[in-house]
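Asker: I'll drop the sequence and a predicted model, then ask my questions.
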Amino acid sequence: MRNQRLYFDHPAHVVSVAVAFPVISIIFVSLRFWARKVQKQPLKADDWLIVLATLLTVGLGITQLYGVYTGALAYPTQIPPGYTGRVSGLHTTQLIIKSQIEWAYAQMFVLALGCIKASFLFFYMRVFAIEKKSFVSKLLTGLIIFEAVWTAALYLSVLFECGHRFWFIWSSDDEYTTHCIRTHPRYFTLCIIDIITDIAIISIPIPLVLRLNLSRSRKIAVSSVFLLGGGSFFASLIRFVMTAGNLVGGNNITYDNIIGATGSAYWATVECGVGVMAACLPTVQFVIRKRFTEWSACNRKDGFGSRSTDPGGHVAHSNRSAEVAFAKMDTCPNLPASLVYPASIWTEESIGKENFAWDERILDMTR
């Protein structure tokens with residue numbers, strides 16, 4: 001037995017997460033689409049996948065709200081008066097709804113995770129896979145195929161965990177364990193693969209950035225943009241602890257079936273919400289920063305001296321060894337040459353094949 005209530009054992013906390021993360025996800029995706037419009041970028045697979053992930057995150061929030069409303073989540077298991085059997089043999093309305101919610105959010109969670117990770121990978125295809133036959137392009141394509149196959153396999157295993165006899169999913173625990181596939185190995189596998197793929201997705205851009213001819217501080221600045229996706233890693237790590245039923249602050253969340261399901265649903269929503277935000281941040285933060293810089297530069301009376309004489313233009317720069325392209329876009333006469341987010345180069349008809357010397361002004365991400 002536990003000594004005190006955990007945060008996700010409080011209905012108010014569960015409701016807060018169920019509302020906050022879907023809403024924040026919608027806001028970030030809206031900003032992402034605004035950024036694409038500002039950059040004059042076409043909407044591609046990475047954008048549409050994150051939209052689907054957001055819709056699924058909203059679905060996770062709705063299932064949690066319904067669970068709290070019906071008392072099937074965030075409340076201890078209710079034992080009927082006079083019941084003397086084992087808890088695993090209970091088959092009450094509360095437990096039926098809990099099992100139905102658990103089955104629904106498990107399906108949405110698997111699909112949402114797959115969409116988020118695939119969105120990251122397709123985004124990297126925009127940025128780094130300039131040449132279709134390059135090693136980076138082949139690596140990302142392979143990871144996308146793996147993620148698609150893994151997501152499909154896991155989704156089907158959740159959907160048909162009791163074969164075609166779906167009613168056993170919301171039967172008593174005794175009947176479920178007799179007729180259905182054990183869920184613990186599957187969830188442990190999901191958590192482990194999830195953490196491994198998170199690490200891979202976070203790590204992919206770093207070696208490419210480190211190969212650029214930049215100062216150490218500039219490399220750190222560029223790398224930090226891509227490391228924003230690390231937030232979802234910590235959420236998945238915490239969810240792994242929840243699912244594994246390890247002690248958290250001296251309390252085991254699996255002491256009660258409903259509380260255990262609530263903890264898993266709670267952190268599933270957190271992970272998906274953080275994942276959506278992390279996938280949108282690299283695009284959104286650059287456009288916001290660039291707009292603010294342009295506004296500040298255009299409103300400065302003294303300008304930037306001799307560096308502000310460019311009439312405004314659009315020049316592409318590429319580094320074939322790193323397979324990364326950058327562009328110079330001056331939209332304000334008083335604004336010095338600045339880095340355009342690598343994805344912006346996608347609108348160029350041709351970026352050229354020669355190696356350009358890196359321009360310190362173009363690669364200054366700290367402005």
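Answerer: Received it, and whenever you're ready, just let me know what you need.
Asker: just the element for the residue nearest the centre of the chain, please.
Answerer: For the chain, the residue nearest the mean C-alpha position is Gly275 (1.9 Å; C-alpha atoms, centre = their mean). Counting by DSSP states H and E, the element that carries Gly275 is helix 257-298.
Asker: check which helices and strands that helix is in contact with.
Answerer: With contacts defined as 3 or more C-beta pairs under 8 Å, 6 or more residues apart in numbering; DSSP states H and E, the packing partners of helix 257-298 are helix 11-39, helix 45-70, helix 93-128, helix 216-226, helix 230-244. (Glycine included, C-beta is placed from N, CA and C.)
Asker: now these as JSON lines including mean neighbour count, mean pLDDT and distance to Thr177?
Answerer: Shown next, in JSON lines, are these (neighbours: other C-beta atoms under 10 Å; pLDDT from 0 to 100; distance: least, C-beta to C-beta, whole Å):
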{"stretch": "helix 11-39", "mean neighbour count": "18", "mean pLDDT": "93", "distance to Thr177": "26"}
{"stretch": "helix 45-70", "mean neighbour count": "21", "mean pLDDT": "97", "distance to Thr177": "22"}
{"stretch": "helix 93-128", "mean neighbour count": "23", "mean pLDDT": "93", "distance to Thr177": "12"}
{"stretch": "helix 216-226", "mean neighbour count": "16", "mean pLDDT": "77", "distance to Thr177": "43"}
{"stretch": "helix 230-244", "mean neighbour count": "19", "mean pLDDT": "72", "distance to Thr177": "17"}
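Asker: of all those, which lies closest to Pro76?
Answerer: Relative to Pro76, the nearest member of the helices and strands packed on helix 257-298 by C-beta to C-beta is helix 93-128, separated by 9.7 Å.
Asker: what about the closest one, distance to the chain center?
Answerer: Centre-to-centre, helix 93-128 and its host chain are 10 Å apart (C-alpha atoms, centre = their mean, to the nearest Å).
Asker: now stretch 193-202
Answerer: Distance, stretch centre to chain centre, for stretch 193-202: 11 Å (C-alpha atoms, centre = their mean).
Asker: ok, now stretch 132-145?
Answerer: Averaging C-alpha positions (C-alpha atoms, centre = their mean) puts stretch 132-145 20 Å from its chain's average.
Asker: just the element for Gln78, please.
Answerer: Going by DSSP H and E, Gln78 is not part of any helix or strand.
Asker: how far away is it from Val87?
Answerer: As for Gln78, its distance to Val87 is 11 Å (criterion: C-beta to C-beta, to the nearest Å).
Asker: got it, and Phe188?
Answerer: Computed as C-beta to C-beta, the Phe188 to Val87 distance reads 23 Å.
Asker: can you check Val222 too?
Answerer: Val222 is 54 Å from Val87, by C-beta to C-beta.
Asker: then Arg218?
Answerer: On the measure of C-beta to C-beta, Arg218 and Val87 end up 59 Å apart.
Asker: next: Met125.
Answerer: Computed as C-beta to C-beta, the Met125 to Val87 distance reads 50 Å.
Asker: got it, and Trp267?
Answerer: From Trp267 over to Val87 (counting by C-beta to C-beta), the distance is 24 Å.
Asker: Ser99 too?
Answerer: From Ser99 to Val87 the distance is 14 Å (C-beta to C-beta).
Asker: cool, His179 as well?
Answerer: His179 is 19 Å from Val87, where distance means C-beta to C-beta.
Asker: quick one, what contacts Ala20?
Answerer: Applying C-beta atoms under 8 Å, 6 or more residues apart in numbering, one finds that Ala20 lies in contact with Gly273.
Asker: switch the cut-off to 10 Å
Answerer: Contact analysis of Ala20 by C-beta atoms under 10 Å, 6 or more residues apart in numbering lists Gly61, Thr269, Val270, Gly273.
Asker: thinking again about what came up before, which one of Trp267 and Val87 has more residues nearby?
Answerer: Neighbour totals were compared for Trp267 and Val87, and Trp267 leads with 22 against 14 (other C-beta atoms under 10 Å).
Asker: what sits against the more buried one?
Answerer: Applying C-beta under 10 Å, 6+ apart to Trp267 gives the contacts Phe8, Val17, Phe109, Ala235, Ser236, Leu237, Ile238, Arg239, Phe240, Val241, Met242, Thr243.
Asker: separation between the residue nearest to the fourth one when sequence neighbours are not counted and Thr57?
Answerer: Right, the one you point to is Ala235. Once flanking residues are discounted, Ala235 sits nearest to Glu271: 3.9 Å by C-beta to C-beta, 6 or more residues apart in numbering. Distance, Glu271 to Thr57, by C-beta to C-beta: 9 Å.
Asker: between the two, what contacts are shared?
Answerer: Phe21, Phe109, Ala112, Ile116.
Asker: what residues does the second one make contact with?
Answerer: In other words, Phe109. Listed by C-beta under 10 Å, 6+ apart, the contact partners of Phe109 are 56-57, 59-60, 63, 154-155, 158, 190, 239, 264-265, 267-269, 271-272.
Asker: confirm Glu175 sits in a strand?
Answerer: No - read with DSSP: H, G, I helix; E, B strand; the rest coil, Glu175 is helix and lies in no strand.
Asker: quick check: buried residues in whatever helix or strand Thr178 lives in?
Answerer: Here Thr178, judged by DSSP H and E, is contained in helix 173-179. For helix 173-179, the neighbour count (16 or more other C-beta atoms under 10 Å) marks Asp173, Glu175, Tyr176 as buried.
Asker: do stretch 132-147 as well
Answerer: Buried residues in stretch 132-147, counting neighbours by 16+ other C-beta under 10 Å, are found at Val136, Ser137, Leu139, Leu140, Leu143, Ile144, Glu147.
Asker: what lies in contact with it?
Answerer: With C-beta under 10 Å, 6+ apart as the test, stretch 132-147 has contacts from 45, 113-118, 120-125, 127-131, 193, 197, 200-201, 204-205, 207-208, 320, 322-324.
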